[in-house]
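Participant: What would the 3D arrangement of this be:
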Amino acid sequence: MDEFSILPIKTSDIKLIPMLTQEWMNPDVFYLTVFSCKGYTRFLEKTLDFQASLSSVKLMGVYDNNTLIAFSEWRIFENVIFLNNLYVSPLYRNKGVGYQLLKYGRCLATSLDIKQISLDVFEWNQSSYSWYKKLGFSNGEYTRWFTGNIIFHEDYSTSDIQNAEIIELSQAKISHQKFGFSSFKVITSRKEYSIGRLGDKHFRLTDVEGLNDKSLLKILFNIDSNRKIFLVTQE
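Facilitator: All right, here's what the predicted structure looks like:
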């Protein structure tokens, strides 16, 4: 197994992250992720500009003669470290580069006394699925993605939303202008929902009950009638 330098990714290389991610990701999936948003690079730069020892995001690069050949993005939570992205250049695959990046994540978890590393693998990416299984990862929850139009009926009355509340929308507008993605909350008579916005085409919803909440649907339609719903739900 070849040994390469693993370092915090250089600021000048951050702009490569969306492009390299797009190389391995199914196009229909890529455009439903923050990686495709026009300001994602600026978001990473701002996040990593925070004092390194305090940042909850670690973006590590693997270099061969100052050329970025692989990277991994780790997100630190209270009880788990999440591997949000991992890429290895085709010319350097099957040379232990990905394993070295995972080894970094394991060392990071140990240093923080965190017992669990979590990650997502798309169903169509069987080679990666087999690789992670070989390294000892086990199946957890299954997540399904669905997209569709907002089912909105003109006969919805104003009473459907009179008791609803939208929280943090102003901040979300500012964030969206900067990064191309944002989130806000909607509280209806049924429950509280966390709503994401990806680019200019989708609202991201993680609660299937929202599809039957007239108040929520009308609010989203009023905010942007051209957006579709992108539902992410766990089995």
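Participant: Next, the buried residues of the longest helix that the chain contains.
Facilitator: The longest helix of the chain (DSSP state H) is helix 97-111. For helix 97-111, a neighbour-count test (16 or more other Cβ atoms under 10 Å) marks 97, 98, 100, 101, 102, 104, 105, 108, 109 as buried. For every residue, glycine as well, the C-beta is placed using N, CA and C.
Participant: tell me which of those is nearest to residue 61?
Facilitator: Within these, proximity to residue 61 (Cβ to Cβ) peaks at residue 101, which comes in at 9.3 Å.
Participant: The buried residues of helix 97-111: which two are farthest apart?
Facilitator: Top of the distance list for the buried residues of helix 97-111 (Cβ to Cβ): 97 and 109, 19.5 Å.
Participant: Quick one: work out the angle between the longest strand seen in the chain and helix 97-111.
Facilitator: When the chain is scanned for its longest strand (criterion: DSSP state E), the result is strand 67-76. Orientation of strand 67-76 against helix 97-111 (axes from the mean of the first three to the mean of the last three Cα atoms, to 10 degrees) gives an angle of 30 degrees.
Participant: ok, which stretches of the protein are strands?
Facilitator: Along the chain, counting by DSSP E, strands occupy 5-8, 57-64, 67-76, 81-88, 117-119, 143-149, 165-167, 181-187, 192-198, 202-205, 228-234.
Participant: So which of those is nearest residue 21?
Facilitator: Using Cβ to Cβ, the strands of the chain put strand 81-88 closest to residue 21, at 6.2 Å.
Participant: ok now the closest one, how far from the chain's centre?
Facilitator: Relative to the chain's own centre, strand 81-88 is displaced by 10 Å; criterion: Cα atoms, centre = their mean, to the nearest Å.
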